[in-house]
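# Quick check, what structure comes out for this input:
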Amino acid sequence: MEQRKRVPLQPLSIFLLKEEARTPTQILMSPGDLKRASVGVGRRKIGDLYVRQTPAVPPRWLKFFGNSLSGAMPKLFNASNGAALVVEAGGRTFALCFGQGRHLLAPGAWEENFGLRVTLNSVDPKRLRSVDKRTFDAYTSHTRTQTSIEGDVSAFGLNVEQDLLRAATGQPLDSTLGRRMSGMDALAVAAAVELDGLRDLLERYSEKFKDDSYRQAFPWVDHIGEVREPQMQEKLDKELLEVITKTGASSPKAWLAVPSLIDWSRVEGFTYSAAPSAQRYTDLEIRDFLEALRDPSSLSIEKLKLRRVYAIGVEEGQVLERWPVYGCLYAEIEKDESTYLLTGGRWYRVERDFVRAVNRDVKRLVASIGLPRYEDKSEGAYNERVAKESGGNLALLDRKLVRIGGSTVETCDLYSVERQFIHVKRYGGSSVLSHLFAQGSVSASAFAQDPDYRAAMNDLLPRSHKLSDPSQRPEPSQYEIVYAVASNSSDPIDRSLPFFSRLNLRNAARQLSGYGFKVILAKVEAL
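Sure, this is the predicted structure:
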């Protein structure tokens, strides 16, 4: 009996090129500088191999020793090689990269999420080994989580509505597709394949990419996706410029916001120039930024990234913070039947039905609770004034912390006789509001579950507001969690918040509703 040849596993890094990327100049960076060789088995051509080799140079660390070395030393040199094998298979073009070969490809020449879709369509959804995710929370973070044993998405702490799945790793159900598979844009796979079987394998990966069966196990994957294609980024940036220059402050599609948490009590104002004589503004407005420019008609994306916003302190006018104007911009643009969002200097594509569902749920939370106008220098000053003017209805808990284990929590800013936990925040970017929603969830959860927390909170309350028995578990349905956002926008509060803030609010509201709390989003008119 003839023994079948055992094929060793070959690690491959595979990009699926866009349909319009056909020629070397469309596929590769500086193809004229590369060495090219045709690859074939017998008379059958497989593809073209493009190679770049950098000159051998001494390692940089060797300079540290200077002339201090004694004795015989070998001559040490470093050299890096990169190769890309371009293959036609199944009517599509693929690039298989070796060494530093990825850097040979022209930016934007490949299909985004090719590797991720192939992986999700190929592996057992209950046997993932690693996931990369980007979380839209108080601060956007990018993390990789690995588990000691295989598991489903829940084993990785993935919030399917708040996290963007960037990459996944698992074992394919069909071992002929590979023994291990990981994917983002590129597909990284260890497959038992030789050159003469490469095209057939690539055709199978192409079919996996076109298949949408992954949505059965991962229906949320397409809700949010980062736009990484340079051409699309340029189109969106161009539309953003038109929105800013043609409509300015009157547009509901774009606005400026503080991109990170700041202590407003320390901020006197903002400027768009580092010059001591620069005009100071109480808040960030596109209209004011345009007025600060010598020639608004010459505005470009490059200038938006180079120009800075400065937060000026009340003490001696020092600069507390500085950010690129582009990083402070938030925009929501509809283009080609998709919704695109700019936040934190990055563009994201959001599924339209998902946007509608989030907007619908957030709108249901809106209610008025009659808080007075925000015209104070800081949130602390506002909370203190409102509490004094409430006639004993509101107890001031702002900056009064309760310890839970090794951390401290601010219960809320104002607590009403009607059992409302009121959290007040002056409008800022997504990170500012996400922090507000997270704070409300943490404090309400502790209030519902921890008698020691309730006892400590009770010590901070005046007699008129105290709990009758902190040791007894409260009935959450008798309490309201109020998120009061101070804004000078003329739009309804549910539509003037950035999308990712609306998304985080919906997630927080769902968690709180699960305990039994009622959740309210209230607008506070501001100067």
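
# All the strands of the stretch 351-500 of the chain, residue numbers only.
394-396, 401-404, 407-410, 414-416, 420-426, 480-487 (DSSP state E, counting those that start in this stretch).

# Just put the ones you listed in JSON lines and tack on mean neighbour count, distance to Asp124 and mean pLDDT.
C-beta: built from backbone N, CA, C; applies to glycine. Shown next, in JSON lines, are the strands of the stretch 351-500 of the chain (neighbours: other CB atoms under 10 Å; distance: least, CB to CB, whole Å; pLDDT from 0 to 100):
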{"stretch": "strand 394-396", "mean neighbour count": "20", "distance to Asp124": "54", "mean pLDDT": "96"}
{"stretch": "strand 401-404", "mean neighbour count": "16", "distance to Asp124": "39", "mean pLDDT": "84"}
{"stretch": "strand 407-410", "mean neighbour count": "14", "distance to Asp124": "38", "mean pLDDT": "86"}
{"stretch": "strand 414-416", "mean neighbour count": "21", "distance to Asp124": "49", "mean pLDDT": "97"}
{"stretch": "strand 420-426", "mean neighbour count": "22", "distance to Asp124": "43", "mean pLDDT": "93"}
{"stretch": "strand 480-487", "mean neighbour count": "23", "distance to Asp124": "40", "mean pLDDT": "94"}
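
# between those, which one is nearest to Gln231?
Gln231 lies closest to strand 480-487 among the strands of the stretch 351-500 of the chain, at 35.1 Å (CB to CB).

# next one: that closest one to chain centre, how far?
When distances are taken as CA atoms, centre = their mean, to the nearest Å, strand 480-487 is centred 24 Å away from the chain's centroid.

# One more: stretch 501-510?
Chain-centre distance of stretch 501-510: 15 Å, with CA atoms, centre = their mean.

# in a strand, that's where Thr93 is, yeah?
Yes: the assignment for Thr93, made by DSSP: H, G, I helix; E, B strand; the rest coil, places it in a strand.

# show me what contacts it?
When contacts are counted by CB atoms under 8 Å, 6 or more residues apart in numbering, Thr93 touches Leu16, Leu17, Ala21, Arg22, Ile27, Val86, Val87.

# Let's have the strands of the stretch 351-500 of the chain in a markdown table, adding distance to Gln279.
Output for the strands of the stretch 351-500 of the chain, formatted as a markdown table (distance: least, CB to CB, whole Å):
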| stretch | distance to Gln279 |
| --- | --- |
| strand 394-396 | 35 |
| strand 401-404 | 38 |
| strand 407-410 | 35 |
| strand 414-416 | 34 |
| strand 420-426 | 21 |
| strand 480-487 | 23 |
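
# Minimum distance to Trp220: which of the ones you listed has it?
Shortest distance between Trp220 and these, using CB to CB, is found for strand 480-487: 24.6 Å.

# Put the alpha carbons of the closest one into PDB.
These are the backbone C-alpha positions of strand 480-487, laid out as PDB (Å, rounded to 0.1, in the frame of the first residue of the first chain):
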ATOM      1  CA  GLU A 480     -34.400  56.800  39.300                       C
ATOM      2  CA  ILE A 481     -30.900  57.300  37.800                       C
ATOM      3  CA  VAL A 482     -30.800  60.600  36.100                       C
ATOM      4  CA  TYR A 483     -28.100  61.600  33.600                       C
ATOM      5  CA  ALA A 484     -28.300  65.400  33.300                       C
ATOM      6  CA  VAL A 485     -26.200  66.800  30.500                       C
ATOM      7  CA  ALA A 486     -25.600  70.500  30.200                       C
ATOM      8  CA  SER A 487     -25.600  71.600  26.600                       C
END
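
# Neighbouring strands - and their directions - for the longest strand belonging to the chain?
Taking DSSP state E as the criterion, the chain has its longest strand at strand 123-135. Strand 123-135 has the following strand partners under DSSP bridges: strand 141-151 (antiparallel), strand 163-172 (antiparallel).
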